[in-house]
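> This is a predicted model, with the sequence first.
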Amino acid sequence: MRHFDLAVIGTGPAGQRAAIQAAKLGKRVCVIERSRVVGGADTNTGTIPSKALREAALHLTGTSMRGIFGDNYRVKRNITISDLISVSQHVIRREWSVIQDAFERNGVELVWGRARFGDNNLLHIEREEESERLSAERFLIAVGTRPARPEEVPFDNLSVFTSDELLKLERLPKSLIVVGGGVIGTEYACIMATLWVKVTLIEGRPHVLGFLDEEIAEAFQYHMRQHGMTLRLGEKVSKIERAPGGLENGAHVTAMLESGKKLQAEALLYAVGRQGVCAKLDVDKVGLKFDDRERLKVNAQYQTNVPHIYAAGDVIGFPALASTAMEQGRLAVCHMFGAPTQSMPHLYPLGIYAVPEISMVGKTEEQLTEDAVPYEAGVAQNRELARGQLLGDETGMLKLLIHQDTHEILGVQCIGTGATELIHIGQVAMAFKANVEFFVDNVFNHPTLAEAYKVAAHNGLNKLRHV
């Protein structure tokens, strides 16, 4: 029986980073993967495929250049699923190679099979025709989550499906109902609307992406409507029905709302919540506890209620982002082996790859108001920037939240072209506790979208000086 210093369950972002970090600390490490490929949901069904789909959609439809060439500009007239999926598959295959190469270079042993706990230091690894046992001093659970599939929803993976099945569709539907206004639901709703699919999005809360700064959320919702989407906010689905036969026969799906409305479309994407898979690991045998969605609770060091078992990534809940999962995996390993670390969780950025992109770091206006922190907002519109004009971005904006007394930057909110890249300038400035004058004194390349920081800084300081 093989013995390891650390056994990592799952090869998604958290598992990858944890395993490699432990190997760099000189530990004997294995990482266990139950699927036939590495990368977890991030590489195979989530982050990478959806972003590849987004980039393909923006390119082929010409959306990113319509501000310059007009609303009718497009690269290709008839776009098929195969056009879109081929891009995703190319990127996914490349990622498989990158991940496995990283494991090999760092001496991480990749173990294929389904893991389940036998006792405190023992795992059973089950494969189709064989099984083995391995032991470890410590464990990190990074199994991620899967889309929730309630029994009352009539999934058939053709006309009613989750995000996992969307990339397997044989053709684009003419109309689509999206249930759920979280990150996954809004990203796919925007991508499909970009492809001229008639989209209706249903969200039970009054805003999509409820964690966003309210002004950014309102701007985003305005943009969604401008792209032809119908938003049913503050509405809940009571029942979903589908006609027999599937999309090939022109069948439709009906979503009945609690308000009495009936919405119909060719297809329905169900994107309400995600479900863990901890029960299949037999975690009860080692005393691990999980909630009703099979998520594990951890402390600040990512330890579960069993001290030698850690967890990271989507399996521990919000924010469930690949970027934060990687850092969680690294920090967990450093803690378990006593390696010094520095971490700034209050400056972890959030990125939403919708159309347009959205990103934020630090506090929102609503959070600062609730905490009674005196602040002012400095705003720059992309249409004010030469680069914004060159890109045809008329809707993007960047907002700096500035402490009224100290001029410290308390938060940065961004929507528009390159938002998920631009946010890191503000993130670094906040990490070094720069005040807003830093952006006034700094020189940015011209023309760039980064100049928005200087414009927003001037705007905020002018408000503070009442000029």
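Yep, it's here.

> residues touching residue 195, list them.
For residue 195, the contacting residues are 57, 61, 79, 84, 172, by C-beta atoms under 8 Å, 6 or more residues apart in numbering. (Glycine included, C-beta is placed from N, CA and C.)

> residues contacting residue 426?
Applying C-beta under 8 Å, 6+ apart to residue 426 gives the contacts 361-362, 400, 409, 412, 414, 453.

> and if we set it to 6 Å?
For residue 426, the contacting residues are 361, 412, by C-beta atoms under 6 Å, 6 or more residues apart in numbering.

> Please, which helix or strand holds it?
Secondary structure assigned from DSSP states H and E places residue 426 in helix 419-431.

> does residue 201 count as helix, strand or coil?
Classification of residue 201 by DSSP: H, G, I helix; E, B strand; the rest coil places it in strand.

> gap between the two ends of stretch 377-397?
Criterion C-alpha to C-alpha, to the nearest Å; first-to-last residue distance in stretch 377-397 is 12 Å.

> who touches that stretch?
Under the criterion C-beta under 6 Å, 6+ apart, residues 67-68, 223, 398-401, 415-417, 447-449, 451-452, 455-457, 459-460 lie in contact with stretch 377-397.

> The contacts of residue 195 in strands, which ones?
Here DSSP state E is the test, and those give no hits in strands at all.

> lowest-confidence helix or strand of the chain?
helix 66-69 (a mean of 50; mean pLDDT, DSSP states H and E).

> From the centroid of the protein, which residue is nearest?
residue 321 (4.6 Å; C-alpha atoms, centre = their mean).

> Would you agree residue 368 is in contact with residue 375?
Yes: assessed by C-beta atoms under 6 Å, residue 368 is found in contact with residue 375 at 5.0 Å.

> The stretch 151-300 of the chain: helices as residue ranges?
For the stretch 151-300 of the chain, the helices defined by DSSP state H, counting those that start in this stretch occupy 163-166, 183-194, 214-226.

> Least confident of those helices, on average?
Here the lowest mean pLDDT among those goes to helix 163-166, at a mean of 88.

> Backbone torsions only: list them for residue 53.
Backbone torsions for residue 53, taken as degrees, to the nearest 10, come to phi -60, psi -40.

> How about residue 16: what's its closest non-neighbour residue?
Once flanking residues are discounted, residue 16 sits nearest to residue 99: 6.1 Å by C-beta to C-beta, 6 or more residues apart in numbering.

> typed the wrong thing, it's residue 239
Excluding the flanking residues, the one nearest residue 239 by C-beta to C-beta, 6+ apart is residue 256, at 4.5 Å.

> Give me the number of neighbouring residues for that neighbour.
Residue 256 has 14 neighbouring residues, counting by other C-beta atoms under 10 Å.

> bridging residues for it?
Beta bridges link residue 256 to residue 239, residue 262, judged by DSSP bridges.

> since we're on residue 5, how many residues are nearby?
Close neighbours of residue 5, defined as other C-beta under 10 Å, add up to 17.

> mind checking pLDDT for it?
97.

> Over to residue 350?
94.

> roughly how far apart are residue 353 and residue 418?
Separation of residue 353 from residue 418 (C-beta to C-beta, to the nearest Å): 11 Å.

> Over to residue 94?
Distance, residue 94 to residue 418, using C-beta to C-beta: 23 Å.

> do the same with residue 122
Distance, residue 122 to residue 418, using C-beta to C-beta: 49 Å.

> what does residue 355 give?
From residue 355 over to residue 418 (counting by C-beta to C-beta), the distance is 13 Å.

> what's the answer for residue 147, then?
The gap separating residue 147 from residue 418 is 29 Å, by C-beta to C-beta.

> Between these two, which is the more surrounded one?
Comparing residue 147 with residue 418 by neighbour count (other C-beta under 10 Å), the higher total belongs to residue 147, at 23 against 20.

> Grab the nearest non-local neighbour of the more buried one.
residue 162 (3.6 Å).

> Hmm, that neighbour is touching residue 148, no?
No: under the criterion of C-beta under 6 Å, residue 162 is not in contact with residue 148, lying 7.8 Å apart.

> and the longest helix along the chain, which residues are buried?
Scanning the chain for the longest helix, with DSSP state H as the assignment, gives helix 81-105. Across helix 81-105, burial judged by 16 or more other C-beta atoms under 10 Å covers 81, 83-85, 87-88, 91-92, 95, 99-100, 102-103.

> Now do the same contact list for the residue nearest to residue 239.
Taking C-beta under 6 Å, 6+ apart, one finds 238-239, 262 in contact with residue 256.

> just residue 255 next, same as before
Contact analysis of residue 255 by C-beta under 6 Å, 6+ apart lists 177, 237, 240, 263.

> Pretty sure residue 312 sits against residue 329.
Yes: in terms of C-beta under 6 Å, residue 312 counts as a neighbour of residue 329; the distance is 4.5 Å.
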